[in-house]
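Enquirer: what follows is a predicted protein model with its sequence.
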Amino acid sequence: MNRRLLSVLLAAALGCGGSQSAGVTPQELATTPEAAVRNFMQAVADSNITRMGQFWGSASGPATVTRQPADYQDRLVVTQAYLRQSPFRLLRTDPLPNQADRRAVQVEFDRVDLDGKRCTRAVPITVLNAGKHGWIVTGLDLNQVGTPGRSCSVTRSGT
């Protein structure tokens, strides 16, 4: 993604960051891997970067709590740009070998490219049980979802 596009995406998303609540209430904790993905994707749909950070992070906890990585807000802005207006469907949840606290939730994304061509991509989203913080999203390869504004047939490898 070029710098100019990234700058525009960052400015747009920061301008619509949603509510600035301090954290997730006990009633809102994701008690299942699937709930973590649904909560995260709802925050994406709402253009709520703060809320996205409540359901994304590391084993230490949600990004809004740990403030890590240091550029977590920028990462979430880019993630929101890739995923907004992408209908999704949860397909299945698989355990990860030798990682009892993690699951791979297979998510099907339905995209339409600039030419109006529809494409569907199944992408694993890694979630982890962050203890008192519930289940949170910890890994998602945006390259597998597809770059906004590009043909569905164009894929990038690496990165």
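Expert: Here it is on my side, so go on. Residues are numbered from 1 along each chain as shown.
Enquirer: so how far is the longest strand along the chain from its chain's centroid?
Expert: Of all segments of type strand in the chain, defined using DSSP state E, the longest is strand 99-112. Here strand 99-112 is found 10 Å from its chain centre; the criterion is Cα atoms, centre = their mean, to the nearest Å.
Enquirer: begin at 29 from here
Expert: Yes, from this point I'll number from 29; that puts the last item at strand 127-140.
Enquirer: so after that strand, what's the next helix or strand?
Expert: Taking DSSP states H and E as the definition, the helix or strand that follows strand 127-140 towards the C-terminus is strand 146-157.
Enquirer: buried ones in the next helix-or-strand element following that following strand?
Expert: Next along the chain after strand 146-157, taking DSSP H and E as the criterion, comes strand 163-168. Buried residues in strand 163-168, defined by neighbour count with 16 or more other Cβ atoms under 10 Å: 163-166, 168. Where you see a C-beta, it was placed from the backbone N, CA and C, and this is true even at glycine.
Enquirer: could you give the angle of strand 163-168 to strand 127-140?
Expert: Relative orientation of strand 163-168 versus strand 127-140 (axes from the mean of the first three to the mean of the last three Cα atoms, to 10 degrees): 60 degrees.
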